[in-house]
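**Student:** Need a 3D model of the following:
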Amino acid sequence: MANCKPASTPVEAKPKLSANDGKPMSDSTFYLSITGALQYLTLTRPDIAYGMNQACLHMHAPRDVLWNLVKRILRCLRGSINHGIKISAAPSTALKVYSDADWAGCPDTRRSTSGYYVFLGDSLVSWSSKRQTTVSRSSAEAE
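**Tutor:** Numbering: from 1, shown residues only. The predicted model follows:
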C-alpha cells in the first residue's frame, strides 16, 4: 500500500458495518496482524480511532468488507503521513472539549458510541471513543 492513492478520511461517513456484511476471509492471519499494529498507532493518531474500533469489533470472524475498511485507513495514513499529535507551547491556555455520540449506531447490537477530545490551548491532552456497555432506551440528546 506504499504507492496507493491517499484517502481524505479514514472511514466513509454513512455506512455502518454489520457482523454479517460481506464474505468471510479465508485466511485472517494477515488481517489480525495489520489491525493489531494499527491499534498501537491510535495512541498518536486519534483520527483513526473510530475506524480502528469498527475494524476490531469483528476480529473473531473478519470479513472482506472489514479488510476494505482497513485498506481505507491505510490509504488515509498514506495521505497524512506527517500528521499526528503535536504538543507545543501556546499563548492560550484555554481548555476546549468536544464530544459527540452516535445513538444506537451499531447495526448488530444497537449500542451507542460516544467520544470526546480535550485540548489545552492547541495541544490535544486527552481523548476517548467508547461503545456503551448497555443499550440505550432513550433518544434524548445532550446539547
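**Student:** Tell me which residue lies farthest from the centre of the chain.
**Tutor:** residue 91 (30.9 Å; Cα atoms, centre = their mean).
**Student:** check contacts around that one.
**Tutor:** For residue 91, the contacting residues are residue 121, by Cβ atoms under 8 Å, 6 or more residues apart in numbering. Glycine gets a C-beta too; all of them are placed from N, C-alpha and C.
**Student:** Can you tell me, leaving aside adjacent residues, what's nearest to the spatially most central residue of the chain?
**Tutor:** Central residue of the chain (Cα atoms, centre = their mean): residue 50, 1.6 Å from the mean position. Distances taken as Cβ to Cβ, 6 or more residues apart in numbering place residue 129 nearest to residue 50, at 5.7 Å, with adjacent residues excluded.
**Student:** Look at that neighbour and say how many residues are nearby.
**Tutor:** Using other Cβ atoms under 10 Å, the number of residues around residue 129 comes to 16.
**Student:** got a pLDDT number for residue 14?
**Tutor:** What the model reports for residue 14 is a pLDDT of 67.
**Student:** residue contacts, residue 88?
**Tutor:** Contacts for residue 88 (Cβ under 8 Å, 6+ apart) come out as 122-123.
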